[in-house]
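>>> pasting a predicted model and its sequence here:
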Amino acid sequence: MTTTAAAPPEPATDAPPAPRRVLRVRLVTALVIVIALAGAGGLAFHRVFAFGDLVPVITVAAVAPVVLVALLSWPRRRTWPLWISVLATAAAWTLIAGLTLFHGDFTVVGGALRDSWKGTLTSLLPAPGRPELLVLPHALVWLAAFGGAELAVRTETKAAPALPAVAVFCVALLLGVNGPGSNLPVAAGLAGLVGALTIVRSGGRPLWLIAGLPAAAAIGLLGAAVGPYLPMRGEAYDPRATVKAPPPQQRDSISPLDRVSAWLQTPDQQMFTVRADAPEDWRLAVLDRFDGVTWTSGARFVPAGSRIPEDPRVHRTRVVQRFTVQELPGVWVPAADRPRTVQGLAVATDPGSGVLTAGRPLRSGQAYTVTSMVPDYDAARLADAQPARDAEAQAASGLPESPGTTAKTAEVPAFRRLAQAITKDQDTAFQRAAKLADYLRTAARYDVTGLPGHTYAQLRYFLGTSKRGTSEQFATAYAVLARSIGLPARVVVGFRPGVGGNGSWQVRSGDVLVWPEVAFAEIGWVPFFPTPEETGASKKPDSVPAGETQQKLEAAQKSAAAHKKDNGGSGKHGAPAPKAPARPAHKTSPTPPWVYGVAAVPLLPAAYLAGVLIVPVLRRRRRRGGATPAARITGAWEQTREALGAVGLPAVTALTAHEVAGFGAERVPGAEAHLRPLADLVNRSRYAATPPGPDTAEAAWRHTEEIRRLVRRTAGLRRRLARRLHPRSLRPR
């Protein structure tokens with residue numbers, strides 16, 4: 001009677017197949033996590049778009065494709081092909097984007113998606129929440145949700161469904177460089193969701209993962225504390241630097257400078273009302289290009305959301321203004337310098353000057369709120385300021401020849417001789433600029449009936465003959481004189497604070513004011529006021545003077561204009577006047593030695609982790625490549641004993657090879673078929689008269705690899721990981 005050998009029992013540690021219901025619960029949970037991952041990746045765009053504009057778009061884009069994939073690709077007897085799912089999601093995206101973003105206008109969806117990249121990169125951050133820009137995060141989050149859901153449904157990978165969301169997060173980081181806020185909370189949430197997805201997909205217990213959270217938090221806090229002291233900081237790459245800015249645009253068919261004379265002839269026209277924290281001059285337009293006939297703007301206006309870049313070179317005071325438009329024509333938007341945020345009106349802005357324009361002409365009753373950071377200049381810094389020499393200042397320093405003239409009869413040399421004669425007694429650039437303003441205030445008088453215009457010929461007539469004009473002539477004459485002696489100058493058109501009080505002012509057409517600005521190094525553009533006080537019929541006694549900040553600046557300028565050289569002495573006004581030492585460049589304080597020591601602390605766990613992962617691999621390679629077949633067989637046996645340590649074999653033992661094989665056969669199901677032959681090979685290689693050959697060594701290593709595979713299945717991941725991370729793994733058994 002023959003007996004059939006029974007099949008070896010399955011390992012006791014192998015879990016039975018999970019019921020179908022459990023698998024479905026895991027899949028549904030994974031899909032929910034995919035929705036959260038796509039949403040988290042899309043929320044990284046909060047540095048590009050305002051949070052309120054972004055959240056509804058991200059929510060729809062994260063949920064809809066996952067639901068669609070679940071309906072089309074849910075595991076069934078016969079899964080639908082992937083191409084059907086791709087076509088269905090493309091059609092669904094077009095439909096939903098057209099309905100939710102573009103309100104049913106499907107003809108613009110494709111063009112908006114094509115141009116959204118450049119539109120986003122050429123907008124100030126946060127970008128306006130317009131559909132043609134929001135379509136970019138909508139499409140990216142939709143693709144991330146679709147890709148993650150398909151990977152979750154069709155594959156057995158653990159963390160791969162999170163990769164599309166991580167890619168969207170990286171794109172948002174790149175587009176949001178220098179945007180407001182921080183993406184650190186989003187990154188933390190994304191990392192947590194990736195861990196949750198891995199746990200759900202693996203079906204294991206999360207306790208060993210949770211144990212690492214305190215260490216990760218400690219390293220993160222340590223990095224945040226030490227990071228500011230490290231000398232490895234640098235400017236983040238900004239893709240906007242590689243995108244060509246839009247060319248200068250003529251925002252209005254009529255320049256505000258050309259409207260000044262007409263506004264002054266009807267001085268009681270109600271332009272706008274403003275409620276503000278303090279009375280300020282309300283800037284309307286900055287004109288920095290002059291061709292000898294006309295002043296125009298070289299501004300490169302870009303769309304702006306609610307935030308406008310600040311100029312950190314001078315101290316500033318926050319002023320909130322609420323404007324209500326009445327009869328102000330054109331697209332130029334008044335505001336105090338320098339606007340920081342705008343609410344209630346879609347605007348474009350010039351990042352250099354901070355000037356605001358609307359997409360359409362302003363209409364009566366339109367209201368908006370502006371928060372400005374008004375400059376508060378330091379008189380000591382101004383006294384020693386030098387003219388700016390950057391590209392913007394260079395462009396604002398040139399004067400063209402008059403049309404129709406030759407070099408011998410050009411206008412510019414005459415203006416230069418006059419400006420040099422006016423400023424010959426001044427030492428510094430700021431004193432020369434202040435002296436020009438003081439000269440114009442005393443050499444001519446304000447008169448609204450004066451001849452309008454600002455060409456070279458009209459300015460020559462104003463300075464040499466009539467000596468009467470409005471702020472248009474005073475400001476443009478100042479700018480030409482300043483440029484003729486190397487001071488970068490431009491012209492600003494705006495309004496005085498207006499009439500009223502108690503935080504509310506009515507601005508009329510007669511409050512229009514033109515003033516020049518001069519650029520100084522490390523300070524920026526500083527306004528000057530060459531227009532004298534209004535007299536006679538043009539005087540408006542009910543007008544409110546400018547705020548305290550402007551009054552301090554005017555006082556500093558008048559004081560500088562009164563300074564004169566004294567060629568014979570060396571006192572306060574000696575010649576040349578002793579210049580204050582240049583402000584030292586800001587130097588980064590040397591890094592304390594303890595910072596390097598603290599910074600090295602997080603490297604120790606990383607070095608240890610690298611050691612316990614790499615050293616065993618190198619040891620196995622050394623054993624496998626022994627000099628002789630006998631050495632390679634001995635190495636195979638040492639590798640096997642290390643593997644059996646995962647099931648309880650002591651590191652130091654007096655057991656013979658066959659006793660070790662018997663121990664392993666009891667603990668590792670199925671391993672006896674390889675342990676016994678390997679023990680025989682080890683004994684023969686040690687005690688046989690004939691040395692083993694290369695084939696014997698290869699057979700020994702094949703047995704070792706099979707034993708290793710069986711031990712891995714028996715011991716389980718948790719126990720093997722604990723042994724691998726233990727310090728004893730750094731030394732051979």
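Now that the structure is in, tell me what you want to look at. Residues are numbered from 1 along each chain as shown.

>>> list phi and psi for the residue nearest the centre of the chain.
With distances taken as CA atoms, centre = their mean, residue 177 lies nearest the centre of the chain, 1.8 Å away. Phi and psi for residue 177, reported as degrees, to the nearest 10, are phi -60, psi 130.

>>> isn't it right up against residue 170?
No: with contact defined as CB atoms under 8 Å, residue 177 and residue 170 do not form a contacting pair (11.9 Å). Using the backbone N, CA and C atoms, a C-beta is placed for each residue, glycine as well.

>>> what about the stretch 351-500 of the chain, any weak spots by pLDDT?
Low-confidence segments of the stretch 351-500 of the chain (pLDDT under 70): 402-409.

>>> now do the helices in it.
Along the stretch 351-500 of the chain, the segments classed as helices by DSSP state H, counting those that start in this stretch run 379-383, 391-395, 412-422, 429-443, 456-461, 471-484.

>>> again, but for the stretch 51-200 of the chain
Going by DSSP H, counting those that start in this stretch, the stretch 51-200 of the chain shows helices at 51-73, 82-100, 109-121, 131-154, 163-175, 184-202.

>>> okay, the second one in CSV with CA atoms only?
In CSV, the C-alpha atoms belonging to helix 82-100 read as follows (Å, rounded to 0.1, in the frame of the first residue of the first chain):
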residue,chain,number,x,y,z
LEU,A,82,-8.9,52.6,-20.6
TRP,A,83,-9.4,54.5,-23.8
ILE,A,84,-13.1,54.7,-23.2
SER,A,85,-12.5,56.2,-19.8
VAL,A,86,-10.0,58.7,-21.3
LEU,A,87,-12.6,59.9,-23.9
ALA,A,88,-15.3,60.1,-21.4
THR,A,89,-13.3,62.2,-18.9
ALA,A,90,-12.2,64.6,-21.7
ALA,A,91,-15.8,65.1,-22.8
ALA,A,92,-16.9,65.5,-19.1
TRP,A,93,-14.2,68.1,-18.4
THR,A,94,-15.2,70.1,-21.5
LEU,A,95,-18.8,70.0,-20.4
ILE,A,96,-18.3,70.9,-16.7
ALA,A,97,-15.6,73.5,-17.4
GLY,A,98,-17.9,75.2,-20.0
LEU,A,99,-20.9,75.2,-17.7
THR,A,100,-19.2,76.2,-14.4
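
>>> coming back round to it: so for residue 413, which of the helices of the stretch 51-200 of the chain sits nearest?
When these are compared by CB to CB, helix 109-121 sits nearest residue 413, at 45.0 Å.

>>> quick one on the thing from earlier: export the helices of the stretch 51-200 of the chain to CSV and tack on distance to residue 300?
Putting the helices of the stretch 51-200 of the chain into CSV (distance: least, CB to CB, whole Å) gives the following:
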stretch, distance to residue 300
helix 51-73, 24
helix 82-100, 30
helix 109-121, 14
helix 131-154, 18
helix 163-175, 20
helix 184-202, 31
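
>>> adding mean pLDDT and mean neighbour count, write these out as TSV.
Formatted as TSV, those follow (pLDDT from 0 to 100; neighbours: other CB atoms under 10 Å):
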stretch	mean pLDDT	mean neighbour count
helix 51-73	87	19
helix 82-100	87	15
helix 109-121	80	17
helix 131-154	89	24
helix 163-175	88	21
helix 184-202	82	18
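
>>> deepest in the core, which of the helices of the stretch 351-500 of the chain is it.
helix 471-484 (a mean of 28; mean count of other CB atoms under 10 Å).

>>> between helix 429-443 and that one, find me the angle.
Angle of helix 471-484 versus helix 429-443, following axes from the mean of the first three to the mean of the last three CA atoms, to 10 degrees, is 140 degrees.

>>> what ranges does the stretch 451-600 of the chain have for its strands?
468-469, 489-495, 499-501, 504-508, 512-520, 524-527 (DSSP state E, counting those that start in this stretch).

>>> so which of the ones you listed comes closest to residue 358?
strand 489-495 (16.1 Å).

>>> in that closest one, what counts as buried?
489-495 (16 or more other CB atoms under 10 Å).

>>> alpha carbons only: can I get stretch 341-359 in PDB?
In PDB, the C-alpha atoms belonging to stretch 341-359 read as follows (Å, rounded to 0.1, in the frame of the first residue of the first chain):
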ATOM      1  CA  THR A 341      -4.500  95.900  -2.200                       C
ATOM      2  CA  VAL A 342      -7.600  96.700  -4.300                       C
ATOM      3  CA  GLN A 343     -11.100  95.500  -3.600                       C
ATOM      4  CA  GLY A 344     -14.300  96.000  -5.700                       C
ATOM      5  CA  LEU A 345     -12.700  96.800  -9.000                       C
ATOM      6  CA  ALA A 346     -10.700  94.700 -11.500                       C
ATOM      7  CA  VAL A 347      -7.500  96.500 -12.300                       C
ATOM      8  CA  ALA A 348      -4.300  96.200 -14.200                       C
ATOM      9  CA  THR A 349      -1.200  97.700 -12.600                       C
ATOM     10  CA  ASP A 350       2.300  98.700 -13.500                       C
ATOM     11  CA  PRO A 351       4.600  96.900 -11.100                       C
ATOM     12  CA  GLY A 352       7.200  99.700 -11.300                       C
ATOM     13  CA  SER A 353       5.000 102.700 -10.500                       C
ATOM     14  CA  GLY A 354       2.000 101.100  -8.900                       C
ATOM     15  CA  VAL A 355      -0.400 103.000 -11.100                       C
ATOM     16  CA  LEU A 356      -3.800 101.400 -11.600                       C
ATOM     17  CA  THR A 357      -6.000 101.200 -14.700                       C
ATOM     18  CA  ALA A 358      -9.400  99.600 -15.200                       C
ATOM     19  CA  GLY A 359     -10.300  97.500 -18.200                       C
END
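
>>> state the distance from the closest residue to residue 354 other than its chain neighbours to residue 318.
The shortest distance from residue 354 to any non-neighbouring residue, by CB to CB, 6 or more residues apart in numbering, is to residue 338 (4.2 Å). Residue 338 is 11 Å from residue 318, where distance means CB to CB, to the nearest Å.

>>> quick one: which of those two has more around it?
residue 338 (21 against 10; other CB atoms under 10 Å).

>>> from what I can see residue 266 touches residue 509, true?
Yes: the pair residue 266 / residue 509 is scored as a contact, 5.8 Å apart, by CB under 8 Å.

>>> higher neighbour count, those two?
Shown here are residue 266 and residue 509; by other CB under 10 Å, residue 509 has more neighbours (20 against 10).

>>> so what's that one up against?
263-264, 266-269, 271 (CB atoms under 8 Å, 6 or more residues apart in numbering).

>>> rerun at 6 Å
Contacts for residue 509 (CB atoms under 6 Å, 6 or more residues apart in numbering) come out as 263, 266-267, 269, 271.

>>> measure stretch 38-51 end to end?
16 Å (CA to CA, to the nearest Å).

>>> ranking the contacts of residue 509 by neighbours, who comes first?
So for those (other CB under 10 Å), the most neighbours sit at residue 271, 24 neighbours.

>>> SS state for that residue?
Three-state call for residue 271 (DSSP: H, G, I helix; E, B strand; the rest coil): strand.

>>> surely it and residue 329 touch.
No: counting by CB atoms under 6 Å, residue 271 does not reach residue 329; the two are 9.0 Å apart.

>>> and residue 514, how far is that from residue 469?
10 Å.

>>> who's more crowded, those two?
Comparing residue 514 with residue 469 by other CB under 10 Å, the one with more neighbours is residue 469, at 30 against 27.

>>> residue 356 pairs with what?
Beta-bridge partners recorded for residue 356 (DSSP bridges): residue 333, residue 349.

>>> how far away is it from residue 613?
With CB to CB as the criterion, residue 356 and residue 613 are 58 Å apart.

>>> those two: which is more packed in?
When neighbours are counted by other CB under 10 Å, residue 356 and residue 613 differ, and residue 356 comes out ahead with 25 against 12.

>>> perfect, that will be all.
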